[in-house]
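> no letters, just coordinates:
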């Protein structure tokens, strides 16, 4: 089911700047039992990303109304919200009176093998490097060709995700997930000041660690440093937490802290 | 008038990857007297850009059929062609059997003041820096947020274009145009191996210069080197050639070689 500006449909204007320039942002998260999971955080991130592009974010109650309509049709699904700057005449200049477009789409909840969470996933180290763009870093905008090219690097069904570095060999994150590493019971995650997407689940993990006084470092992490970590894991709002079982001919076993974080994430999501 | 996969309409599928990820390419050029200007070059660039993203480019006769339908309604207009990877399920992975979407849209020919071509334009030096991404450099893809942010830096109607540099102070081009400089009767234009769009009119100017044995350099050009050039100009398929009259508190007068290039471009376009 899709709602475009609150109306059921399956098409958007051909003059929408989302199509023309990727001039918009998006969110993807589950609806469980008719409720959007971690909705306050999802909305806060949507509003923050809209602000980064100076797009007027739809009010939360407008989106909640849309989500409720989706939930009537499908109480358990993945929801994607896209907000674009709306239509405009040809040209990059911002429209004088922008009317943002909001799209809500539902998809079936993916059925990942249970061993992904229990034992971990195989990860491909991507050849493409993320370009540094501080003006867009962290924002989940619609310019995602780097992710598309990265995901096209492998077709092996034994590989569940690809890991992306910048041109200086700093790891940034997965094609669709954020990355964490554990070394000597400390957690670290890449700084996202030059590229990457600062996801909602990344924010939750950082908060969970801080609340529990677990040492946490947010900084540049070189790929060589990553490969000697004790535990590695990936998070996003749909997959939750996947330990990394293998990457670049190295392998890991799921550790105690990763297991605890999975439980804390489940609790935070109201499971 | 818009044609979506050959059918008149004003909407595209909400699941199109052009909207979701900017997963596609585009062209913008004039139709004059019912004919697409420099069509062989436009099609060659469209095909090359599709190949860069491994999207199957529509056949030239299919697009020519679309353009002929547009020409019946509007014989003189600006045409924009978008080719996307088409619809897919959620996720970055390429669809197993992609069916590209082609969109043809017409807009009125812009009425630029005649002094833009005759005497030159005021240009803003943009603060945002283009991020280096060799995998996408030169390609006119749909990930154009950098251009949108750059164009949003000025609203002064006396400024006709913005000039973009990379993070190393190399000039790359305008937000919607390619850049050339003339120094001691030699022409130079930025290399586009790390960022920027390699436009059709840039290719034409390079060819015109080579045919006429005018010394030409394609390389990195630092902004300081640019500012001491004898003549500067911008080109694209819609504007043709605009001399730069002012940039960053410096000013230029249109020179003899720029004037000759304008005439050669007009001739090449069949004016």
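Sure thing, it's come through. None of these values were measured; they are calculated from a predicted model. Residues are numbered from 1 along each chain as shown, chains lettered A, B, ... in the order given.

> show me where the stretch 1-150 of chain A has its strands.
Applying DSSP state E, counting those that start in this stretch to the stretch 1-150 of chain A gives strands spanning A:2-4, A:7-8, A:11-13, A:24-32, A:35-36, A:77-84, A:101-107, A:121-130.

> below-threshold pLDDT in the stretch 51-200 of chain A: ranges please.
Counting by pLDDT under 70, not a single residue of the stretch 51-200 of chain A qualifies.

> residues from it in reach of chain B?
A:53-54, A:78, A:80, A:82, A:84, A:89-94, A:103, A:105, A:107, A:128, A:131-133, A:135-136, A:141-152, A:167, A:175-176, A:195 (CB under 8 Å from any CB of the partner chain). Glycine gets a C-beta too; all of them are placed from N, C-alpha and C.

> rerun at 7 Å
A:78, A:80, A:89-90, A:92-94, A:103, A:105, A:107, A:128, A:131-133, A:135-136, A:141-149, A:151-152, A:175-176 (CB under 7 Å from any CB of the partner chain).

> quick revisit: dump the strands of the stretch 1-150 of chain A into TSV; add mean neighbour count and distance to residue B:181 as well.
Listed next are these as TSV, based on neighbours: other CB atoms under 10 Å in any protein chain shown; distance: least, CB to CB, whole Å:
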stretch	mean neighbour count	distance to residue B:181
strand A:2-4	20	46
strand A:7-8	10	51
strand A:11-13	20	40
strand A:24-32	22	35
strand A:35-36	18	54
strand A:77-84	23	37
strand A:101-107	21	40
strand A:121-130	20	30
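
> and the ones you listed: which comes nearest residue B:61?
Comparison of these against residue B:61 by CB to CB identifies strand A:11-13 as nearest, at 27.0 Å.

> spatially nearest residue to the residue nearest the centre of chain A, not counting backbone neighbours?
When CA atoms, centre = their mean is applied to chain A, the residue found nearest the centroid is residue A:199 (4.5 Å). Nearest non-adjacent residue to residue A:199, counting by CB to CB, 6 or more residues apart in numbering or on different chains: residue A:178, 4.9 Å away.

> what does residue A:203 give?
Nearest to residue A:203 is residue A:41, by CB to CB, 6+ apart, at 6.5 Å.

> now do the contacts for the residue nearest to residue A:3 when sequence neighbours are not counted.
Leaving out its chain neighbours, the residue that sits closest to residue A:3 by CB to CB, 6+ apart is residue A:104, at 4.5 Å. By CB atoms under 7 Å, 6 or more residues apart in numbering or on different chains, residue A:104 lies in contact with A:2-3, A:66-67, A:70, A:79, A:81.

> how about the residues you listed, which pair is most distant?
Within the contacts of residue A:104, A:2 and A:67 form the most distant pair, 12.7 Å apart (CB to CB).

> please name the nearest non-neighbouring residue to the closest residue to chain B within the stretch 151-271 of chain A.
Closest approach between the stretch 151-271 of chain A and chain B, counting by CB to the nearest CB: residue A:151, at 3.8 Å. Nearest residue to residue A:151, sequence neighbours excluded (CB to CB, 6+ apart): residue B:92, at 3.8 Å.

> cool, residue A:106 as well?
Nearest-residue entry for residue A:106: residue A:77, 4.3 Å, with adjacent residues in sequence omitted and distances by CB to CB, 6+ apart.

> ok, the closest residue to residue A:214 other than its chain neighbours to residue A:243 distance?
Excluding the flanking residues, the one nearest residue A:214 by CB to CB, 6+ apart is residue A:187, at 5.8 Å. From residue A:187 across to residue A:243, the span is 13 Å (CB to CB, to the nearest Å).

> residue A:63 now?
The gap separating residue A:63 from residue A:243 is 33 Å, by CB to CB.

> ok, residue A:110 next?
Taken as CB to CB, the span from residue A:110 to residue A:243 is 18 Å.

> same question, residue A:226
Taking CB to CB as the measure, residue A:226 falls 14 Å from residue A:243.

> again with residue A:38
Look at residue A:38 and residue A:243: by CB to CB, they are 21 Å apart.

> who's residue A:79 bridged to?
For residue A:79, the beta-bridge partners are residue A:29, residue A:106 (DSSP bridges).

> thought it was touching residue A:26?
No: with contacts counted by CB atoms under 7 Å, residue A:79 stays clear of residue A:26, the gap being 10.6 Å.

> count the neighbours of residue A:95 for me.
13 (other CB atoms under 10 Å in any protein chain shown).

> ramachandran coordinates for it?
phi -60, psi 140 (degrees, to the nearest 10).

> buried subset of the residues of the stretch 51-200 of chain A next to chain B, written for ChimeraX?
Buried residues among these (16 or more other CB atoms under 10 Å in any protein chain shown), as a ChimeraX selection:
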select /A:78,80,90,92,94,103,105,107,128,131,132,133,136,141,142,143,144,145,146,147,148,149,151,152,175,176
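
> quick one: which of the residues of the stretch 51-200 of chain A next to chain B sit in helices?
The helices, defined by DSSP state H, take in A:145-149, A:151 from these.

> and the gap between residue A:8 and residue A:74?
As for residue A:8, its distance to residue A:74 is 13 Å (criterion: CB to CB).

> overlap of the contact sets of these two?
Residues touching both residue A:8 and residue A:74 by CB under 7 Å, 6+ apart: residue A:1.

> buried stuff in the helix or strand that contains residue A:225?
Assigned by DSSP states H and E, residue A:225 belongs to helix A:223-227. Using 16+ other CB under 10 Å as the test for burial, helix A:223-227 gives A:225-227.

> tell me how far it lies from the chain's centre.
Relative to its parent chain, helix A:223-227 has a centroid offset of 22 Å by CA atoms, centre = their mean, to the nearest Å.

> please apply the same query to stretch A:33-51.
With CA atoms, centre = their mean as the basis, stretch A:33-51 stands 12 Å off its chain's centre.

> any idea how far residue A:159 is from residue B:52?
From residue A:159 to residue B:52 the distance is 24 Å (CB to CB).

> likewise for residue A:198?
From residue A:198 to residue B:52 the distance is 29 Å (CB to CB).

> comparing the two, which residue is more hemmed in?
Counted by other CB under 10 Å, residue A:198 and residue B:52 do not tie: residue A:198 has more neighbours, with 20 against 17.

> now the more buried one. Nearest residue, chain neighbours left out?
Residue A:198's closest residue in space is residue A:138 (CB to CB, 6+ apart), at 3.9 Å.

> go on, residue A:185?
residue A:257 is the one closest to residue A:185 (CB to CB, 6+ apart), at 6.5 Å.

> now the host helix or strand of that neighbour: mean pLDDT?
For residue A:257, the host element (DSSP H and E) is helix A:256-268. Taken as a whole, helix A:256-268 has a mean pLDDT of 96.

> buried stuff in that helix?
Neighbour-count burial for helix A:256-268 flags A:257-258, A:261-262, A:264-265, A:268 (criterion: 16+ other CB under 10 Å).

> which other residues reach it?
Helix A:256-268 is contacted from outside by A:117, A:182, A:185, A:204-205, A:208, A:231, A:233, A:240-241, A:243, using CB under 7 Å, 6+ apart.
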